[in-house]
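Enquirer: structure of the sequence below:
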Amino acid sequence: MTWQELVENCGVPKPIIAKRVGLMRDGAPCRQVLDNWLRRGQVPANRVIALERATGVPREKIRPDIYPPNGRGRHGTRTVGRRR
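Expert: All right, here's what the predicted structure looks like:
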């Protein structure tokens, strides 16, 4: 199942998702932006975590290029749990 299908079937209405992600226009949720992300198949990097919180779809599914399942980012560096 693609991340788009997971978002579509998460059980949260699109206007609520748009509001939780901060997609507002004139004080109302802007669902068109969310629909464009779903159609294009990519979410802007600065909205991935908000979309994850709003839908419950893991960030690894939404943007595997930034949050790959093995914990390594685009340039081979760790994205989570970095040790000093």
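
Enquirer: a helix runs through Ala18, doesn't it?
Expert: Yes: membership of Ala18 in a helix is supported by DSSP: H, G, I helix; E, B strand; the rest coil.

Enquirer: so what's the residue lying closest to it once chain neighbours are set aside bridging to?
Expert: Counting by C-beta to C-beta, 6 or more residues apart in numbering, Ala18 lies nearest to Pro29, which is 3.8 Å off, once chain neighbours are set aside. C-beta coordinates here come from the backbone N, C-alpha and C atoms, glycine included. Taking DSSP bridges as the rule, Pro29 bridges to Met24.

Enquirer: count the residues that sit near Arg63.
Expert: Residues within reach of Arg63, counting by other C-beta atoms under 10 Å, total 19.

Enquirer: same check, this time on Val57
Expert: 22.

Enquirer: helix or strand next in line after the helix of greatest length in the chain, which one?
Expert: Counting residues, the longest helix found in the chain (DSSP state H) is helix 31-40. Next helix or strand after helix 31-40 toward the C-terminus (DSSP states H and E): helix 48-55.

Enquirer: packing partners of the worst-scoring helix or strand of the chain on mean pLDDT?
Expert: The weakest-scoring helix or strand in the chain, judged by mean pLDDT, DSSP states H and E, is strand 28-29 (a mean of 72). If contacts are counted by 3 or more C-beta pairs under 8 Å, 6 or more residues apart in numbering; DSSP states H and E, strand 28-29 sits against helix 14-21.

Enquirer: contacts for the helix it packs on?
Expert: Helix 14-21 is contacted from outside by 7, 10, 12, 24, 29-31, 33-35, 47, 50-51, 53-55, using C-beta atoms under 8 Å, 6 or more residues apart in numbering.

Enquirer: can you rerun that using 10 Å?
Expert: Around helix 14-21, the neighbours that count as contacts under C-beta atoms under 10 Å, 6 or more residues apart in numbering are 7-8, 10, 12-13, 23-25, 28-35, 37-38, 43, 47-55.
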